Each structure stands twice: as structure tokens, then as C-alpha cells.
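> sequence and predicted model, in that order:
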Amino acid sequence: MSVHASTRPKSVECGQCGDQFTLPAVEGSFCSPECHDDHRRQKHAGNFFETLEHDHRFCSTCGRQIKEIEKPPERNSKGKSITDAAIGWEHITEHGEFGIKSHIRDDGDDDLDVPDLDFEDGHDPVYVYDVDGEDHNVGTYADFRNPLPRSIDAAEPIPVGTVCCCGQTDHKHEDDTLRGRYPFQTAYYLALAARELRREDKTDVRLDQERLFDAVLERESIREAFASAVIVP
């Protein structure tokens, strides 16, 4: 008579919900088809927001299209090709306007050239301007004590560009506070952006808009609501 030692089923952590479960797994590391679908939705949503960030026509915070691009003709009036030298003309939509592209950064950042305000109460954060991806202090100490109006006596130029009517001054940035002011409008314009980018074959995201607005009504964050509304085949 032979005796065989029994082995306990192996327990692993689900790649989506984090719960421990006993193998076998769904699609490698998920405890259920539902968790696998949730993972796929979040991945599609993440890819969409990354596409939105790099497409400078849209505001990454609210999804509004703030610019339109008019492509140039392939050749100028003299018959010479100009497509290598010109991308196109930008036209501001009703959602955009020209403004100073600034943002707010904490005064604790060591890499910023801003005055030390640690000894002053109530002056955090500090206003700086973004020029070609680098932060520049363009105000005086008095300006930081009372930021409006600010002086602009600086060696660097003040960056002016298209800003969004939602209040976001850099199309690449996402701001949950601005999104939370009018969450249903944000959901609506993000759905429009997804539809337009899908039409242009820049994203494969399709949304269940009823589920999107239900999720907003349930007070999910915009990203969570968007991900939950992604349709997976």
C-alpha cells in the first residue's frame, strides 16, 4: 500500500481586486472574468487619457476641444512642398482663449528658483511660470505676498497660449478640483473627445454613456467613472 501526501491548492493574489484566491486563474492572474474585464477597462481608459494628454487640441482636465488644426496645402503658390516645414494653423474653439500658461507649485520644491517663504504664514503655494517645460520665478517678493497683480520683469518670456474655459491653463494637466466643479459637463466632453479620437483612429475606446453618467451620479471620480463605462468586447 502506498501513501501519497496531499498538496494544498496554491493561493495567489488577484491582479485586479487584490483578493487571495485558489488557482486556476482567469487570463493568468485574475480571480474572475469580472476582475479581468475591470482590468481591461482601466487599461483602455489609461491609454485614452494618455492619448488625450499628448493631443494638444483637447484639455486633459475636462475633455473640451480648445483648438482645431487646419492642415496646410502640400505646396505653396510657387509649387514648392511646405508640408515638411509646416504642420498647420491652429484655430481656437469657443472653449479656448489666449492666456498666460501658468501653474501652481509648492514652495518646498528644491529645484524652483523662488524665494524662501517658510517664515511667512499663508503664502503656500508659490506662483511660477512654465517656459518650455522649465519653471521660472518671474515675480518679486511683494508679488508672492500679494500675487495679484504680479510683476513680469523677467529675463525669460512669459508663455502665452491657448487655455481652457474650465480654468486649466495647461492642456496636459489633470485637475480633480476643476473636474469636480461640473462633473457631468466633464463626463460629457470626455465622451465627445473619445468619440472624435475614435473617429480619427487614435483610440479604440467605446463608452456606455448611460453607465458613465450613472457612475458620476454615484460620486465616482471622473477617471473611475470613465473606466467603468468603457465597453469591452
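Thanks, I have it.
> mind listing the helices for the chain?
Using DSSP state H, the helices of the chain run over 33-54, 141-145, 176-181, 183-199, 209-217, 222-229.
> helices and strands of this protein: which one has the lowest mean pLDDT?
Ranking every helix and strand in the chain by mean pLDDT, DSSP states H and E puts helix 141-145 at the bottom, with a mean of 42.
> what residue ranges in the protein are flagged as low confidence?
Counting by pLDDT under 70, the chain has low-confidence residues at 1-9, 72-88, 101-159.
> would you map the strands across it?
For the chain, applying DSSP state E gives strands covering 11-13, 20-22, 67-70, 89-92, 96-100, 102-105, 126-131, 134-136, 160-164.
> what lies in contact with the first one?
Which is strand 11-13. Counting by Cβ atoms under 8 Å, 6 or more residues apart in numbering, strand 11-13 makes contact with 19-23, 25, 29, all of which sit outside it. Where you see a C-beta, it was placed from the backbone N, CA and C, and this is true even at glycine.
> from the residues you listed, which is closest to residue 222?
Of all these, residue 19 has the smallest distance to residue 222: 26.1 Å, by Cβ to Cβ.
> OK, contacts around the closest one?
With contact taken as Cβ under 8 Å, 6+ apart, residue 19 is in contact with 13, 31.
> any idea how far it is from residue 31?
Applying Cβ to Cβ, to the nearest Å, one obtains 6 Å for the distance of residue 19 from residue 31.
> would you mind finding the most buried of the helices of the chain?
Each of these was given a mean neighbour count from mean count of other Cβ atoms under 10 Å, and the largest, a mean of 22, is that of helix 222-229.
> that one to helix 33-54, inter-axis angle?
Between the axes of helix 222-229 and helix 33-54, defined by axes from the mean of the first three to the mean of the last three Cα atoms, to 10 degrees, the angle is 130 degrees.
> hang on, the earlier thing: can the helices of the chain go into a markdown table with extra columns for distance to residue 70?
Listed next are the helices of the chain as a markdown table, based on distance: least, Cβ to Cβ, whole Å:
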| stretch | distance to residue 70 |
| --- | --- |
| helix 33-54 | 20 |
| helix 141-145 | 38 |
| helix 176-181 | 28 |
| helix 183-199 | 16 |
| helix 209-217 | 30 |
| helix 222-229 | 29 |
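> which among the ones you listed is found nearest to residue 96?
Ranking the helices of the chain by their distance to residue 96 (criterion: Cβ to Cβ) puts helix 183-199 first, at 12.5 Å.
> understood, closing this out.
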